[in-house]
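>>> this one's structure only:
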């Protein structure tokens, strides 16, 4: 049996260091929101006639009056471009069904100008070729605000639901709320590490937070809680079957039994996600990166954070630590004065 509980402060210290690194990354660079949260337009251009660099395309967009354009390489000679909301183009959600008329607008003017610069115009006249627009989407400010608000509500609602569920399921144990709180802390730990990573990637790799990111965060929350509940359920069985067993022993035995299962399950999922990262398109990259980091972190947190927090709380580790560092008045008994 592995002594997980005996080394709990090693695990918690590693988590604390990672949490601090993520906090520094968020403080320094913050998240880079996508058009779903800031409003704007996003489109992909592929250049088929000549090689175009990201710097050349940025200069060309600046000449067209779009200094704010953010350009990201999608593949060879293909770029994802994000700008402020363009006018005269169909929105991403028009509210109607069936075939829709595509109205020429600012996006077409940009494509024509880039084609004249990087494409080919036939000698005898005719349409310019060499620049292909593969997709286009646009989100207004009203829609982006609504999406951001609903995404926040979704994360808060998921956390509250998890807390209530775990508390109800473990109601036969002393302090069932403690298990729910530990599960939520472990989940927030996983989500915060992902946020810190994306703050770093946003600064150095132009990674943006989009709706796929939120979907992946909620998926990671579900995966992490599922893994944590499996461990907690084993702990509950041992404590109910033997009320006199020490909590540390129950935790160590339960985690030893579930360790292989947790690692094997996560390993299979990680292999799948890595394969999709290697062969998948740019549009799902954010989703897959969040899944990869979140699953690894979730496996670690279910083993090294959630259960260890329960043990640390029951043993009053934090209280003893602060009493040792800062001292507490009244701890030392007053010695009687010597008799003259």
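Good, I have the coordinates. The shown structure was predicted, so the numbers you read here are calculated from the model rather than taken from an experiment.
>>> which stretches of this protein form helices?
Secondary structure of the chain (DSSP state H): helices at 8-29, 35-38, 54-63, 106-118, 141-169, 176-205, 211-241, 247-279, 285-301, 307-314, 317-326.
>>> including mean neighbour count, mean pLDDT and distance to residue 69, could those go into JSON lines?
Any C-beta I mention is one placed from the backbone N, CA and C, and that applies to glycine too. JSON lines is the format used below for those (neighbours: other C-beta atoms under 10 Å; pLDDT from 0 to 100; distance: least, C-beta to C-beta, whole Å):
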{"stretch": "helix 8-29", "mean neighbour count": "15", "mean pLDDT": "92", "distance to residue 69": "20"}
{"stretch": "helix 35-38", "mean neighbour count": "22", "mean pLDDT": "77", "distance to residue 69": "12"}
{"stretch": "helix 54-63", "mean neighbour count": "15", "mean pLDDT": "90", "distance to residue 69": "4"}
{"stretch": "helix 106-118", "mean neighbour count": "18", "mean pLDDT": "89", "distance to residue 69": "9"}
{"stretch": "helix 141-169", "mean neighbour count": "14", "mean pLDDT": "82", "distance to residue 69": "18"}
{"stretch": "helix 176-205", "mean neighbour count": "20", "mean pLDDT": "90", "distance to residue 69": "16"}
{"stretch": "helix 211-241", "mean neighbour count": "20", "mean pLDDT": "87", "distance to residue 69": "21"}
{"stretch": "helix 247-279", "mean neighbour count": "15", "mean pLDDT": "89", "distance to residue 69": "26"}
{"stretch": "helix 285-301", "mean neighbour count": "23", "mean pLDDT": "90", "distance to residue 69": "19"}
{"stretch": "helix 307-314", "mean neighbour count": "22", "mean pLDDT": "89", "distance to residue 69": "46"}
{"stretch": "helix 317-326", "mean neighbour count": "11", "mean pLDDT": "71", "distance to residue 69": "50"}
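>>> quick one: those as TSV, columns for distance to residue 128 too.
Shown next, in TSV, are the helices of the chain (distance: least, C-beta to C-beta, whole Å):
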stretch	distance to residue 128
helix 8-29	39
helix 35-38	27
helix 54-63	14
helix 106-118	4
helix 141-169	33
helix 176-205	32
helix 211-241	33
helix 247-279	33
helix 285-301	31
helix 307-314	63
helix 317-326	68
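>>> which one, of these, ends up nearest to residue 84?
helix 35-38 (9.1 Å; C-beta to C-beta).
>>> and the helices of the chain: which comes nearest residue 81?
helix 54-63 (6.9 Å).
>>> what's that closest one packed up against?
If you count contacts as 3 or more C-beta pairs under 8 Å, 6 or more residues apart in numbering; DSSP states H and E, helix 54-63 packs onto strand 70-75, strand 78-83, helix 106-118.
>>> so which of the helices of the chain comes closest to residue 132?
helix 106-118 (8.8 Å).
>>> closest one to residue 76 among the helices of the chain?
helix 54-63 (12.2 Å).
>>> next, the angle helix 106-118 makes with the closest one.
130 degrees (axes from the mean of the first three to the mean of the last three C-alpha atoms, to 10 degrees).
>>> between the helices and strands packed on helix 54-63, which one is closest to residue 136.
helix 106-118 (5.9 Å).
>>> coming back round to it: for residue 1, find the nearest of the helices of the chain.
helix 247-279 (5.1 Å).
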